[in-house]
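Q: Predicted structure and sequence below. I'll ask about it afterward.
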Amino acid sequence: MKIALLIFFALVNMNTKAQIPVSQEPYHRVVYENDRVRILNVLLPPGDTTQYHVHSTPSVFIGLSTSHPGSQLLHQNPAAGLFTASSVFFEDLRAPHTRIHRVWNSDSFMFHVMDVELLSANPVLDQPGFKLKYTRLETDTTWVRIYKTDLPKVAELTIHDMNRRFLLVVLGDTKTTVSVNDKEIARFLSTGDFFWINPGDKFSIMNRGASTAPFTLLEVD
């Protein structure tokens, strides 16, 4: 009888923990939030495991390291996985696609990924996708457009006079000058750095490094 009760309370405890929103899971640190996006920076050391947590919001996942994490959906068997550095993909995780899982790092180095939750209740990207030098459109959905930018050395890219909202995420360490409304705000960028671009902002990046500078640009409603 005592063993049965222990098993019962263990299962209750597991299901209670499973209801933790991803934004409250200790390894998923909220680093930025406005009315459109919530950015979670995920750094999972070797050998560590997250708590069971819930993904219930349309999200963009950005790989910032090449890693082989394991994962386990609630009440299912563990599975091996792969996150590739610079991979960027969208998932609609609203019900009935809500995901409850935990993740562990079986590599010998840090597992690093960014989770961008899309918070607009009724998103409408009513303008067509735009064309920008050095930039290509990779994913086009109601929730988000995902662009990839490979900025050659000594090249500059400027976003200006657009009635659009963007999130720019750095996919590799680079010596790059960033200016917003003609004011310089950064010169050296690290993998995972990001910039929110409001409609009407003049946003410029100049690659002063010796190799191509990689970015992803998310257009959101």
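A: Yep, it's here.
Q: Tell me how many other residues surround residue 186.
A: By the measure other CB atoms under 10 Å, the count of residues near residue 186 is 15. To be clear about C-beta, it is placed using only N, CA and C from the backbone, and glycine gets the same treatment.
Q: Which secondary structure element is home to it?
A: Residue 186 belongs to strand 183-189 when assigned by DSSP states H and E.
Q: for residue 159, what are its contacts?
A: 132, 166, 197, 201-204 (CB atoms under 8 Å, 6 or more residues apart in numbering).
Q: In strands, which of those residues appear?
A: By the criterion of DSSP state E, membership of these in strands covers 166, 197, 203-204.
Q: Highest neighbour count among these?
A: residue 203 (21 neighbours).
Q: Specify the beta-bridge partners of that residue.
A: Counting by DSSP bridges, residue 203 forms beta bridges with residue 159, residue 180.
Q: is it true that it touches residue 179?
A: Yes: Residue 203 is within contact range of residue 179, at 7.5 Å (criterion: CB atoms under 8 Å).
Q: about what we covered before: touching the strand holding residue 186 from outside, list them.
A: 170, 173-179, 193, 208, 213.
Q: Run me through the strand neighbours of it, direction for each.
A: Strand 183-189 has the following strand partners under DSSP bridges: strand 174-180 (antiparallel).
Q: pLDDT of the strand it pairs with, averaged?
A: Averaging pLDDT along strand 174-180 gives 96.
Q: Now it: buried residues?
A: Residues of strand 174-180 classed as buried by neighbour count (16 or more other CB atoms under 10 Å): 174, 176-180.
Q: Look up how far residue 147 lies from residue 218.
A: The gap separating residue 218 from residue 147 is 8 Å, by CB to CB, to the nearest Å.
Q: For the two, indicate the residue with more neighbours.
A: When residue 218 and residue 147 are compared on other CB under 10 Å, the one with more neighbours turns out to be residue 218, at 25 against 22.
Q: Show the model's pLDDT score for the more buried one.
A: On pLDDT, residue 218 comes in at 98.
Q: Would you mind giving the contacts of strand 183-189 as CSV with distance to residue 71 added?
A: Below are the contacts of strand 183-189 laid out as CSV (distance: CB to CB, whole Å):
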residue, distance to residue 71
170, 26
173, 28
174, 30
175, 35
176, 33
177, 39
178, 34
179, 40
193, 26
208, 39
213, 31
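Q: Quick check: the farthest pair among those residues?
A: The most widely separated members of these, counting by CB to CB, are 173 and 179 (19.3 Å).
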